[in-house]
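> Mind folding the following:
(chains A and B)
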Number of protein chains: 2
Amino acid sequence: QSGAASWYGSGSRTANGERFNPNGLTAAHRSLPFGTRVRVADARTGRSVVVRINDRGPFVRGRIIDLSRGSARALGMGGTTYVSLHVLD
Amino acid sequence: QSGAASWYGSGSRTANGERFNPNGLTAAHRSLPFGTRVRVADARTGRSVVVRINDRGPFVRGRIIDLSRGSARALGMGGTTYVSLHVLD
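Residues are numbered from 1 along each chain as shown, chains lettered A, B, ... in the order given. Sure, this is the predicted structure:
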């Protein structure tokens, strides 16, 4: 299965009843059983992370998995990236 | 100059007095003159985008540029990424 991954960092309880830990290596998937471990590979960078499904979602068309903030960071998806700047004439 | 880039999508006016367009190819830098065009290259992916400096920032230590949402998208920094899933036994 391949498609878009998003991430989320807030919430109190996950769909399986755990306290949501934004820094954990977990994810929400629409159908995989809770507890399933999934390797998520970024098609662009080749980086991957193994996450545990403990929540349901994403409920947005075209997205296949919603990663916890910790999972997203492990994949290098954070809100920042490392860049170099080159001033043009 | 190299370092971390972040992005922002809200605001009314930029520091040079323009109406902020989140979808424009602009960025905030602490010192480069307004109007300077800069090529920003993602060190991880090699992707790059040319942006125009029209705002001041980022005011967070360790970050060197704050991209508009449009610039971040052009660099592939959006809130989503394309992944493949592989269920582990």
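> For the most centrally placed residue in chain A, list the residues it contacts.
Central residue of chain A (C-alpha atoms, centre = their mean): A:L67, 2.0 Å from the mean position. A:L67 makes contact with A:5-8, A:26-27, A:40, A:51, A:75, A:77, according to C-beta atoms under 8 Å, 6 or more residues apart in numbering or on different chains. From N, CA and C alone the C-beta is placed, and that goes for glycine too.
> For chain A, which residues score under the pLDDT cut-off?
A:78-79 (pLDDT under 70).
> ok, which residues in it are in contact with chain B?
A:1-7, A:32, A:36-45, A:50, A:63-65, A:75-77, A:79-88 (C-beta under 8 Å from any C-beta of the partner chain).
> Which ones among those residues lie within strands?
A:2-7, A:37-42, A:50, A:63-65, A:81-87 (DSSP state E).
> By neighbour count, which of the contacts of A:L67 wins?
Within these, neighbour counts (other C-beta atoms under 10 Å in any protein chain shown) peak at A:A27, which reaches 29 neighbours.
> Can you verify it is assigned to a strand?
Yes. The assignment for A:A27 by DSSP: H, G, I helix; E, B strand; the rest coil puts it in a strand.
> Would you check that it makes contact with A:R56?
No. With contacts defined as C-beta atoms under 8 Å, A:A27 does not count as touching A:R56, sitting 10.4 Å away.
> Tell me which residues are up against stretch A:20-35.
Residues contacting stretch A:20-35 (C-beta under 8 Å, 6+ apart): A:8-16, A:36, A:38, A:40, A:49-59, A:64-71, A:74, B:87.
> please redo it, this time with the cut-off set to 6 Å
Here stretch A:20-35 makes contact (C-beta atoms under 6 Å, 6 or more residues apart in numbering or on different chains) with A:9, A:11, A:14, A:16, A:51-57, A:65-71.
> who touches A:V38 in this structure?
Applying C-beta under 6 Å, 6+ apart, the residues contacting A:V38 are A:51, B:85, B:87.
> how about a cut-off of 7 Å?
A:32, A:51, A:53, B:85-88 (C-beta atoms under 7 Å, 6 or more residues apart in numbering or on different chains).
> end-to-end on stretch A:61-75?
One end of stretch A:61-75 sits 22 Å from the other (C-alpha to C-alpha, to the nearest Å).
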